[in-house]
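Peer 1: got a predicted model here, sequence first, then my questions.
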Amino acid sequence: MSGIIGRPRTAGPIIGTCAALCIVALPSHVFGGPIASAEQAIERGRQWLGQGNAVPTGRATLDRHEARALHGAAWTVSLRSTEGHDNLVMLDANTGRTLQWAVCNRHPYRDEPGEPIVGPDEARRIASDYASRLCPSLKTGGWEPALGGTPLRRSDSYQWAWYPVVDTLSGALGCNDLAVDVDCRTGEVIGFLRPYEGPWLIPTLPSIGRAQMLAIARRFALLDPASYAINHLTLRVQTDDYGLQRLVWECLQVLSVDAETGVMMYGVVFDAHTGEPLYPIAPFGGAKHPTRPVRLPRHASVRIEPGPRVVGTQLLPPVLDGDGLWVRAEHLRAVEKIRVDVARDRLAVHAGGKMLDKAALSARYRDYGWWVPLRHVAKTVGWRVDWNNAKKEAVIHTGR
């Protein structure tokens, strides 16, 4: 099997629970500029749909975390079209650009008999044309098809996707795909996801080459590599929910890729500069093969009380060393009422009416970002930190 699989994508819709039919023309012009209020977000959503009378079916919400990795703060708007179809539209709060769109909940469609009349090839042509209007560079190259050039097949649609090539020398791909859903009964586009296309803040040429990475990956493969080859190695600039980036190798044991059933695979993600295993991708696509007893490194974790929130992500987990537990400064944003301003030469954390600079935080710059010692930060801002050595877990009590 050859080709690039890319980051696994779920078999669900692009936004929410969407399985429906409606055609929305791609606007010929761009509605730019920041979106400052829910009312403005609703109006921009109407403009995108080309329906000034579309009715909101819920509050427009501003999400500053979930979409941060891809686009920063984003508004999500629910609108019912004049045809009675529900639309979900995600809009970049800073530029006003539409980031995602999907048509949802046209229930009568599910009861209509008949087989799909639009095949994968026709769906690809439709998706490619739509995607090229969203991202004109798709026509000029610099993109790789997801899933080895095979669409995801769902009950009522095909989803085609492409990844931007970040570095033509190394072949590194971007963190998410340009995806377009095409209704398989009518050939109408019913949703899309726009990719993040930079800026890329880290080196994109790996310290560990493909051959060396393959040798490392065999030691941590979830399935016996003698029976199931590691047949897809993808270099990617991965990004977490706080915009932090890391160059990784995705080392996958892909068992099948099919237009009807999707992708079935196991995998492990590694740091592309150190070879450190970070986290597994397994199983994906309903695979139930017996896995090997592979021991991935155990990372420390930080939990916030009250609440279920955590500081850190599996892409950039907290680091425990002889000087204590360190976290990336941006991950402090998980604590309510904390603001973090960060750049290559400066760091400022605003908490409890205080503004703490990198010196006050005892911050260190390494691995392309600022790290801060958790216990020192907690003492400075008035939190209590409890450490569970058995679990390698720190619990922050903010007192809020």
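Peer 2: Received the coordinates, thanks.

Peer 1: what is the burial count for Glu197?
Peer 2: Neighbour count for Glu197, taken as other CB atoms under 10 Å: 15. The C-beta positions use only the backbone N, C-alpha and C, and glycine is treated the same way.

Peer 1: now it: closest residue in space, sequence neighbours ignored.
Peer 2: Nearest non-adjacent residue to Glu197, counting by CB to CB, 6 or more residues apart in numbering: Pro164, 5.5 Å away.

Peer 1: helix, strand or coil: sort out the most centrally placed residue in the chain for me.
Peer 2: Taking CA atoms, centre = their mean, the centroid of the chain lies closest to Asn176, which sits 5.9 Å from it. Classification of Asn176 using DSSP: H, G, I helix; E, B strand; the rest coil returns coil.

Peer 1: I figured it hits Pro195, correct?
Peer 2: Yes: Asn176 is within contact range of Pro195, at 5.2 Å (criterion: CB atoms under 8 Å).

Peer 1: if we can go back for a sec, ok, the residue nearest to Glu197 to Asp386 distance?
Peer 2: 43 Å (CB to CB, to the nearest Å).

Peer 1: dump the residue contacts of the residue nearest to Gly142 when sequence neighbours are not counted.
Peer 2: Leaving aside its chain neighbours, Gly142 sits nearest to Val165 (4.8 Å; criterion: CB to CB, 6+ apart). Applying CB atoms under 8 Å, 6 or more residues apart in numbering to Val165 gives the contacts 142-144, 171-174.

Peer 1: nearest to Val180 among those?
Peer 2: Trp143 (12.7 Å; CB to CB).

Peer 1: could you give the number of residues near that closest one?
Peer 2: 21.

Peer 1: how is the nearest residue to it once chain neighbours are set aside assigned, secondary-structure-wise?
Peer 2: Among residues not flanking Trp143 along the chain, Trp162 sits closest, at 4.4 Å (CB to CB, 6+ apart). On the three-state scheme (three-state DSSP), Trp162 is labelled strand.

Peer 1: show me the longest helix that occurs in this protein.
Peer 2: When the chain is parsed with DSSP state H, its longest helix is helix 120-134.

Peer 1: what's the first helix or strand after that one?
Peer 2: strand 143-145 (DSSP states H and E).

Peer 1: quick one: distance of that next one to the chain centre.
Peer 2: Relative to its chain's centre, strand 143-145 lies at 17 Å (CA atoms, centre = their mean, to the nearest Å).

Peer 1: quick check: next helix or strand after that strand?
Peer 2: strand 152-153.

Peer 1: now do that next one, average pLDDT.
Peer 2: Strand 152-153 shows a mean pLDDT of 80.

Peer 1: what is that strand packed up against?
Peer 2: Using 3 or more CB pairs under 8 Å, 6 or more residues apart in numbering; DSSP states H and E, the elements in contact with strand 152-153 are strand 157-164, strand 262-271.

Peer 1: try 10 Å
Peer 2: Taking 3 or more CB pairs under 10 Å, 6 or more residues apart in numbering; DSSP states H and E as contact, the helices and strands that strand 152-153 lies on are strand 157-164, strand 245-258, strand 262-271.

Peer 1: my guess is Phe218 contacts Leu233, does it?
Peer 2: Wrong residue type there; residue 218 is Arg, not Phe. No: with contact defined as CB atoms under 10 Å, Arg218 does not reach Leu233; the gap is 11.3 Å.

Peer 1: who has more neighbours out of these two?
Peer 2: Using other CB under 10 Å as the criterion, Arg218 and Leu233 rank with Leu233 on top: 18 against 14.

Peer 1: that one touches Ala217, doesn't it?
Peer 2: Yes: at 7.3 Å, Leu233 counts as touching Ala217 under the criterion of CB under 10 Å.

Peer 1: return every residue with contacts to both of these two.
Peer 2: 249-252, 267, 270 (CB atoms under 10 Å, 6 or more residues apart in numbering).

Peer 1: pipe those into TSV and attach pLDDT, distance to Ala351 and neighbour count per row.
Peer 2: Shown next, in TSV, are the shared contacts of Leu233 and Ala217 (pLDDT from 0 to 100; distance: CB to CB, whole Å; neighbours: other CB atoms under 10 Å):
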residue	pLDDT	distance to Ala351	neighbour count
Trp249	98	36	28
Glu250	97	36	23
Cys251	97	39	26
Leu252	95	41	26
Gly267	94	38	28
Phe270	97	34	23
